[in-house]
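A.B. asks: can't give you the sequence, but here's the structure:
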Ligand code: PMP
């Protein structure tokens, strides 16, 4: 029989430590919101492969669609011989994305690649170099996306220099003393000091900061950014890679604000566990690059496209947008109860949109000092008790919920009971 310890030792010898794993166990099998390791231990999965599994592990329709596609062809490269699943997925994304205008979609493989291409397309269309991103934003681990990412440790440490013409503006986080007004004033100052707005191609932000701590962008911020972009001919990009595809109760989280972006980057839960990502945008913008300027050998792999079409259909037919909203309410209520009962004054600021929800651990309510050690301890105790949790946030003290939206109420309650027991262990 295989053991987690033996596999961990092999892993440590064969795989660089830079690719860290949250759980010291090895997967054997998974289904919907449950996972079993190689020793037969069962876990409830509140991490969903980092927000990839809104439709759960191995959704039957997603697996069936991928298997059916595998019986025909698994790769031709869209740049050599195109195939219908790519086109069908592009059509579907164009129809789902907000905006009453003609759209086109580029498919790639990873989220970082989607962001890279969104920036390339924005630069090619505007013929401008500048890009503005925000504090605490996370956009990927390639060099352009790291440049856009607003958090040094662990992502940006020792791997610069990053591409030029990237500017940083403060994210509006009232808790940190940054109001929407403050953030907009800082942006106007940035236009005066460093980033000539007539040389800025795009402003990119996540509708809910993901790795940065599940802080939603206030609606007034989106509205103001839209006006600023329109005034200066700047493109507005919503990075929906973590927040999209029902996580917040909408297809795209920016829809909560009513603001329509020019470009959207998407990935993760769009395909229920298969690697495909996209840039969706205004047709004229998307056509900025000449033939051959976009692509990649594997971009829009047919098996992943077939899986994505099935995952999107499952979100539609199983009512997962509404389910996300309801689950968000459940987690809000239960976190408040659990915090008051088991860790008074240590669980604070339950926040998010829909089921994209996080809660912070602090030393006390008066100072609200982030408590990353307690957060780590809760996660470790939860794992021992059979629940997979992930942290996030600039100070590593936020716990985020990315549970499959297909999870039953019973599984959610079982997970919450484990969470409460783990919290009690960690506080003790
Ligand atoms: N943007 C956002 C908002 C993300 O959450 C992520 C992944 N966590 C990325 C970009 C990068 O995606 P990938 O890891 O697939 O490259």
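C.D. replies: Structure's in. What do you need? Just so we're clear, the structure is a prediction, and the values are computed from it rather than from any experiment.

A.B. asks: for the stretch 51-200 of the chain, which residues are neighbours of the ligand?
C.D. replies: With C-beta under 6 Å from any ligand atom as the criterion, the stretch 51-200 of the chain meets the ligand at residues 110, 111, 112, 115, 138, 139, 140. The way it works is simple: take the backbone N, C-alpha and C, and place the C-beta from them, glycine included.

A.B. asks: buried ones among the residues you listed?
C.D. replies: Buried members of these, counted by 16 or more other C-beta atoms under 10 Å: 110, 111, 112, 115, 138, 139, 140.

A.B. asks: residue contacts, the fourth one?
C.D. replies: Taking C-beta atoms under 8 Å, 6 or more residues apart in numbering as the definition of contact, the neighbours of residue 115 are 139, 140, 144, 145, 148, 204, 239, 241, 265.

A.B. asks: how about a cut-off of 7 Å?
C.D. replies: By C-beta atoms under 7 Å, 6 or more residues apart in numbering, the contact set of residue 115 is 139, 140, 145, 148, 239, 265.

A.B. asks: which secondary structure element is home to residue 352?
C.D. replies: According to DSSP states H and E, residue 352 maps onto strand 347-353.

A.B. asks: what about residue 168, how many neighbours?
C.D. replies: Residue 168: 19 surrounding residues under other C-beta atoms under 10 Å.

A.B. asks: isn't there a strand covering it?
C.D. replies: Yes. Counting by DSSP: H, G, I helix; E, B strand; the rest coil, residue 168 is found in a strand.

A.B. asks: what about residue 182, is that helix, strand or coil?
C.D. replies: helix.

A.B. asks: how about the residues of the stretch 51-200 of the chain next to the ligand, which pair is most distant?
C.D. replies: The span of these, defined through C-beta to C-beta, is set by 110 and 138 at 13.5 Å.

A.B. asks: related to what we said a few turns ago, out of the buried ones among the residues of the stretch 51-200 of the chain next to the ligand, which is nearest to residue 46?
C.D. replies: residue 138 (19.3 Å).

A.B. asks: now do the contacts for whatever residue of the stretch 251-400 of the chain ends up closest to the ligand.
C.D. replies: Of all residues in the stretch 251-400 of the chain, residue 267 sits closest to the ligand, with a separation of 5.0 Å (C-beta to the nearest ligand atom). Residues in contact with residue 267 (C-beta under 7 Å, 6+ apart) are 110, 111, 114, 241, 277.

A.B. asks: I figured residue 399 was touching residue 389, is that so?
C.D. replies: Yes. With contacts counted by C-beta atoms under 7 Å, residue 399 reaches residue 389, the gap being 5.9 Å.

A.B. asks: shared neighbours of these two, anything?
C.D. replies: With contacts taken as C-beta under 7 Å, 6+ apart, residue 399 and residue 389 have no neighbour in common.

A.B. asks: what about residue 175, distance to residue 362?
C.D. replies: Distance check for residue 175 against residue 362: by C-beta to C-beta, to the nearest Å, it reads 11 Å.

A.B. asks: have a look at these two and say which one is more surrounded.
C.D. replies: Set residue 175 next to residue 362 and count neighbours by other C-beta under 10 Å: residue 362 wins out with 21 against 12.

A.B. asks: can you tell me which residues contact the closest residue to the ligand within the chain?
C.D. replies: Closest contact between the chain and the ligand, by C-beta to the nearest ligand atom, is at residue 111 (2.1 Å). Contacts for residue 111 were tallied using C-beta under 7 Å, 6+ apart; they are 140, 241, 265, 267, 268, 277.
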